[in-house]
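> A predicted structure for the sequence below; I have some questions about it.
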Amino acid sequence: MRGGTLWTATGAVLPATDIAIAGGHIVAIAKNLPSIEGYADIDVRGSIVTPGLVDMHSHLGVYAAPSSRAHDDGNEMTQPTTPAVRAIDAFDPEDAAIARAVAGGITTSLILPGSGNIVGGQALYIKLFGATVADMQVPDAPRSMKWAMGENPKRTYGTRGQAPMSRMGHAWLLRKILFEARDLKTSQDAWDAADRPPAARPFKAELEPLVALLRGQVLLQVHCYEVHDIETLVRIADEFGFRVAAIHHALEAWKIPKLLHDRGIAVATFSDLWGFKLEAYDASVLAPRVLWDNGVQLAIKTDHPVIDAKDLIFEAAKAHHYGLPEQAALQAVTRNPARAIGLGDRIGTLEMGKEADIAVWPGSPLRLGARPSRVFIDGVQVVGDGKNQQAAWSQTQKPAGAGCGCEE
């Protein structure tokens, strides 16, 4: 790509700069790069080039469009703790909203189970390009798990006369299953240390994800709005010795930025959504700026279909309108969520060696109604005018026929 203004999401803005892509990666960034035979020269002069957007809280594919009970697969609300269920087993790669999302500039999403359960299950990392789940799943991605604190599990189970009816019951059920996981981990460690261990290594499939969390092998993503619920989460994390990667929604996080900064907990929040239930009453449109000012790793997300995934960039634009600096708003939908989901070394910035997930915008992506004119995933143009797609295809290893049908 030639001559665009690069918003790199590292903080640097590079005018009139070229990007070379090969093998699905960015291989050079400089002015006036030489042409290479067999590779397309794409003129993006006058455009702004950014990393592809990263939505770290989405239910694409597990609440598939068109909405129906038949495709309502995001919550296994038959018991309050279900660590072993997996979003990959519910994800529908033919969800019509995927095309809208990539047309809005999203290239990577973390697909989370819903928030009806205290322990909701395991997440799926996808790139928004492919015909099957296997095509779209990010290879060699970390593991992430979804939990939920506060109103949602209380409402789901309390109305049935079942625990948790209160936050006391909520915290106890969480601690109870963690005690079980810790005991299993202790048994496994003793088996591993034994000279001649008896029988098979202790294992329980329903507890394995939590044992992995206690071993530091799982990134914990937690739906958590209010200060006292955040404190309960931190208290339990300290008791059992695990780390919280990010709190999501987090509409009261602006009140306790030092606690979150000091513990290295990222915040994935809305720009201005509020008031839809009691725990969402104390939100502030200034929250993204307050969190950023205090050094908290800030991400903006959609919670699709709560906010349609195609409008992720609009959420960043609103946060910018309310005081978040321009490049910080870009980082909130690129670099920061990539880091918070464990992919910061692969995506989220325009740097040499990173995967070539790129959006090209005809003007500022933070203007009202902004939509990318081109989107590339792993170097393949999946949104655009089509003129350069064949050349892009020839330089990738994607199988023929694996397009997402996302042409505008």
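Structure's in. What do you need?

> then stretch 338-350 to CSV, C-alphas only?
The C-alpha trace of stretch 338-350 is given here as CSV (Å, rounded to 0.1, in the frame of the first residue of the first chain):
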residue,chain,number,x,y,z
ALA,A,338,-5.0,-7.0,21.5
ARG,A,339,-2.8,-6.8,24.6
ALA,A,340,-5.7,-7.6,27.0
ILE,A,341,-6.5,-10.8,25.1
GLY,A,342,-2.9,-11.9,24.8
LEU,A,343,-2.4,-11.2,21.1
GLY,A,344,-0.4,-7.9,21.5
ASP,A,345,2.7,-9.4,19.9
ARG,A,346,0.7,-10.4,16.8
ILE,A,347,-1.9,-7.8,16.1
GLY,A,348,-3.2,-4.3,17.1
THR,A,349,-0.4,-2.1,15.7
LEU,A,350,1.2,-1.3,12.4
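
> pLDDT averaged over the strand or helix carrying residue 222 - what is it?
Assigned by DSSP states H and E, residue 222 falls within strand 219-224. For strand 219-224, mean pLDDT is 98.

> again with stretch 5-16
Stretch 5-16 shows a mean pLDDT of 98.

> so where's this protein uncertain?
Along the chain, the model assigns pLDDT under 70 to residues 386-408.

> need the longest helix for it.
In the chain, taking DSSP state H as the definition, the longest helix is helix 167-193.

> what does the strand holding residue 222 contact?
Contact with strand 219-224 is made by 56-57, 110, 112, 115, 123, 142-150, 152, 213, 230, 233, 242-250, 268, 340-342, as judged by CB atoms under 8 Å, 6 or more residues apart in numbering. Just so you know, the C-beta spots here come from the backbone N, C-alpha and C atoms, and that holds for glycine as well.

> so which of these sit within helices?
Among those, the members falling in helices (DSSP H) are 152, 213, 230, 233, 340.

> would JSON lines of those with distance to residue 40 and neighbour count be doable?
Output for those, formatted as JSON lines (distance: CB to CB, whole Å; neighbours: other CB atoms under 10 Å):
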{"residue": "152", "distance to residue 40": "48", "neighbour count": "22"}
{"residue": "213", "distance to residue 40": "45", "neighbour count": "25"}
{"residue": "230", "distance to residue 40": "48", "neighbour count": "25"}
{"residue": "233", "distance to residue 40": "49", "neighbour count": "21"}
{"residue": "340", "distance to residue 40": "33", "neighbour count": "28"}
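
> out of these, who's nearest residue 38?
Among the ones in helices among the contacts of strand 219-224, residue 340 lies closest to residue 38 (CB to CB), at 37.5 Å.

> got the contact list for that closest one?
Neighbours of residue 340 in contact, by CB under 8 Å, 6+ apart: 56, 219, 245, 246, 266, 268, 297, 299.

> repeat for residue 372
Contacts of residue 372 (CB under 8 Å, 6+ apart): 103, 104, 105, 359, 360, 361, 365, 383.

> mind running it again at 6 Å?
105, 359, 360, 361 (CB atoms under 6 Å, 6 or more residues apart in numbering).

> just the buried ones from the contacts of strand 219-224, in ChimeraX syntax?
To isolate the buried ones among those in ChimeraX, judged by 16 or more other CB atoms under 10 Å, type:
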select :56,57,110,112,115,123,144,145,146,147,148,149,150,152,213,230,233,242,244,245,246,247,248,249,250,268,340,341,342
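
> now, which of the contacts of strand 219-224 lie within strands?
The strands, defined by DSSP state E, take in 56-57, 110, 144-148, 246-249, 268 from the contacts of strand 219-224.

> make TSV out of these and add distance to residue 79.
Converted to TSV, the ones in strands among the contacts of strand 219-224 look like this (distance: CB to CB, whole Å):
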residue	distance to residue 79
56	27
57	23
110	24
144	21
145	16
146	15
147	14
148	14
246	25
247	24
248	22
249	23
268	26
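
> now, among the residues you listed, which is nearest to residue 87?
residue 146 (8.2 Å).

> quick one: the closest one from residue 290, how far?
Counting by CB to CB, to the nearest Å, the separation of residue 146 from residue 290 is 26 Å.

> swap in residue 124?
The gap separating residue 124 from residue 290 is 32 Å, by CB to CB.

> quick one: which of those two has more around it?
Between residue 124 and residue 290, residue 124 has the larger neighbour count (other CB atoms under 10 Å), namely 26 against 17.
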